[in-house]
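A.B. asks: Build the 3D model from these lines:
(2 chains)
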There are 2 protein chains.
Amino acid sequence: MAIISGGLSFSTFRFQPPCRSSPRCRLPVSRIRCSGLSASMDSGDEMRAKLMEFPYVSAPHRDLMVEMLSSLDTKLGSSLQPCALPPDVQHFGNPAGTAYAAMQLRPGVPSSQVDFIVGGWVHSKLPSGGAVNITSLSGYLKSSTDAPNFRLELIQRIPTSLVMVLDLTPRKDPILHPDHLKTYYEDAQLDRHRQRFHTLPEVTPYFSSSLYVRALLSPTAIVASIDVSSEEIIRDHVTPIAQELLHFWIESCACIERCVGESERAYIRERDRTIKNTAIEVDLGSSFPRMFGQDIADRVLTVLKVHHNK
Amino acid sequence: MAIISGGLSFSTFRFQPPCRSSPRCRLPVSRIRCSGLSASMDSGDEMRAKLMEFPYVSAPHRDLMVEMLSSLDTKLGSSLQPCALPPDVQHFGNPAGTAYAAMQLRPGVPSSQVDFIVGGWVHSKLPSGGAVNITSLSGYLKSSTDAPNFRLELIQRIPTSLVMVLDLTPRKDPILHPDHLKTYYEDAQLDRHRQRFHTLPEVTPYFSSSLYVRALLSPTAIVASIDVSSEEIIRDHVTPIAQELLHFWIESCACIERCVGESERAYIRERDRTIKNTAIEVDLGSSFPRMFGQDIADRVLTVLKVHHNK
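C.D. replies: Next comes the predicted model:
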């Protein structure tokens, strides 16, 4: 399930990664303004605080998500608008009190390459006992660049195991456009992160039940089941690798201007459109009504559709 | 390494799979003539015999390849022309006697959906001792259909372990064309083969070092390292699953007429072209000179390029 949140103003968090360029990434590009000050606290503060609680996951899991959002805000904050969602889509629950969610969606400012950042958390008690907890963060770019999108999802159904999807998802068919594969994946040596992560004894490859999700991901995607019996694995290994990928994405994808012709833009726009619609219709559309009831799901999904197709 | 061979006339092999339709595959199509008699023995008999020896692999591995070729011949023989390769490309070795290969390429007859079937074996001693043995079989379809191609590769570098790639490779970008994913993979429930195979204790997921190969494969591809310490695994599990996939491909892909418009054909032709060229240039082009020397590699690759681009 692809869920949803935004890069938020959390200046109290001390994580301040250095804004260095990756020496391995040689893109034929010019750097544009991206790093900047955090957005000032506004009337959405309460909603953002609700988002940042991540109240149903472990402390290291929460710290990971908060650090990711903090990094985004530190480095992309000035490129993002405030959350565009109404309050009842930013935080909602079902009448029975068995499912809750918080999400934020922040569009990029007009001069930015960022289309929008979306993320958040979902908690839903399972009829069989226990609960499913999902936290996620995705970054979508505009068709003015062909650089990959960012995707992090953490799905937990049992306390001792966590499924992670961490990827820069391709914007072009890598077969018909081998230069896309070369520029963003081979030359950037993105696979080294996956290789390193999979040497950990707590990590085993995981196969999503959705063939669409498998097809969507890049060949360097980390899709893993992680034994979190010992929570240090999140702090010591998951957080560093997620941060590393996010920094690469911000510096070499979101903050880089590419020269993309009109026909290429049309192709990217069309491919992006199918990805965004599928994320909502197939992914959330199949789970949200079950979790929150049809009315609440309809309200949330209608708003998300509008913002995904702007 | 994507290697290469043809569906051959081996009527002495008793494997005669029934020509039944898959009840799960509901393609909007009409069946065309494919099953037929084996091609008569011709002057290429000696070359074909050399191919069918598979002299450097274990008996179960050889039996698997021979049964696959036999199945192809039984069910697609009348749709295929004789091998189009000159004798010195059908079988060759290096001057030092440390590397040998046999391959066949059989184009489809004009009325067939099959572009060509290509396959064979490669044996090369390693400087460090030991040897690498590769056997493969690929089926490419014409742009008159969008049905997937077939690909089987078995790569062995140490006696106790075998890497297998078994897949129906997509002809369209599954993201921009979700109907392609639905028709050939989801509705056909192709993933059940992979799921079943990966329950075996001898099987572990394998990641190709080539990002291109990973991107080329379908979401249901079986890419596995197989512990062949006990060779029964090949006879009892690898052969049945490879045969099952091949039969599905023959019956639901190679022998089915699809309605493909001209612009779609142009798209498929272009995508196929990049796949075929990459298979030769990147894949064989990087290994054959090292194994056979530049002159022999050039001779073989030049001929293969001509036939892949006809």
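A.B. asks: CA atoms for contacts and neighbours, from now on please.
C.D. replies: Fine.
A.B. asks: can I get the CA coordinates of stretch A:130-141 in CSV?
C.D. replies: What follows is stretch A:130-141, C-alpha atoms only, in CSV (Å, rounded to 0.1, in the frame of the first residue of the first chain):
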residue,chain,number,x,y,z
GLY,A,130,-3.2,-7.5,16.2
ALA,A,131,-2.9,-4.6,13.8
VAL,A,132,-1.3,-3.5,10.6
ASN,A,133,0.8,-0.3,10.7
ILE,A,134,2.1,1.4,7.6
THR,A,135,4.3,4.4,7.3
SER,A,136,5.3,5.9,4.1
LEU,A,137,6.9,8.8,2.3
SER,A,138,6.9,9.4,-1.5
GLY,A,139,8.3,12.2,-3.6
TYR,A,140,7.0,12.8,-7.1
LEU,A,141,8.7,15.0,-9.6
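A.B. asks: Mean confidence (pLDDT) on stretch A:274-284, please.
C.D. replies: Stretch A:274-284 shows a mean pLDDT of 84.
A.B. asks: same thing with stretch A:294-303?
C.D. replies: In this model, stretch A:294-303 has a mean pLDDT of 94.
A.B. asks: Flag every buried residue along it.
C.D. replies: Of all the residues in stretch A:294-303, those buried under the rule 16 or more other C-alpha atoms under 10 Å in any protein chain shown are A:296-297, A:300-301.
A.B. asks: give me the element residue A:122 is part of.
C.D. replies: strand A:114-125 (DSSP states H and E).
A.B. asks: ok now the helix or strand just after that strand, how far from the chain's centre?
C.D. replies: Using DSSP H and E, the helix or strand that follows strand A:114-125 in sequence is strand A:131-141. Its chain's average C-alpha position is 5 Å from that of strand A:131-141, according to C-alpha atoms, centre = their mean, to the nearest Å.
A.B. asks: Check what contacts strand A:131-141 and list those residues.
C.D. replies: Strand A:131-141 is contacted from outside by A:1-6, A:56-57, A:65, A:113-126, A:147-158, A:254, using C-alpha atoms under 8 Å, 6 or more residues apart in numbering or on different chains.
A.B. asks: show me where chain A has strands.
C.D. replies: A:30-31, A:91-93, A:99-107, A:114-125, A:131-141, A:149-158, A:161-169, A:203-205, A:222-227, A:256-257 (DSSP state E).
A.B. asks: Around chain B, pick out the residues from chain A.
C.D. replies: With C-alpha under 8 Å from any C-alpha of the partner chain as the criterion, chain A comes near chain B at residues A:173-176, A:178, A:181, A:186, A:205, A:211-212, A:214-216, A:218-220, A:270-271, A:274-275.
A.B. asks: just to revisit the earlier point, export the strands of chain A to CSV and tack on mean pLDDT and mean neighbour count?
C.D. replies: Formatted as CSV, the strands of chain A follow (pLDDT from 0 to 100; neighbours: other C-alpha atoms under 10 Å in any protein chain shown):
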stretch, mean pLDDT, mean neighbour count
strand A:30-31, 42, 12
strand A:91-93, 96, 20
strand A:99-107, 96, 26
strand A:114-125, 96, 25
strand A:131-141, 97, 24
strand A:149-158, 97, 21
strand A:161-169, 98, 23
strand A:203-205, 96, 18
strand A:222-227, 98, 22
strand A:256-257, 88, 21
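A.B. asks: and of those, who's closest to residue A:193?
C.D. replies: strand A:222-227 (8.2 Å; C-alpha to C-alpha).
A.B. asks: neighbouring strands for that closest one, and are they parallel or not?
C.D. replies: strand A:161-169 (antiparallel), strand A:203-205 (antiparallel) (DSSP bridges).
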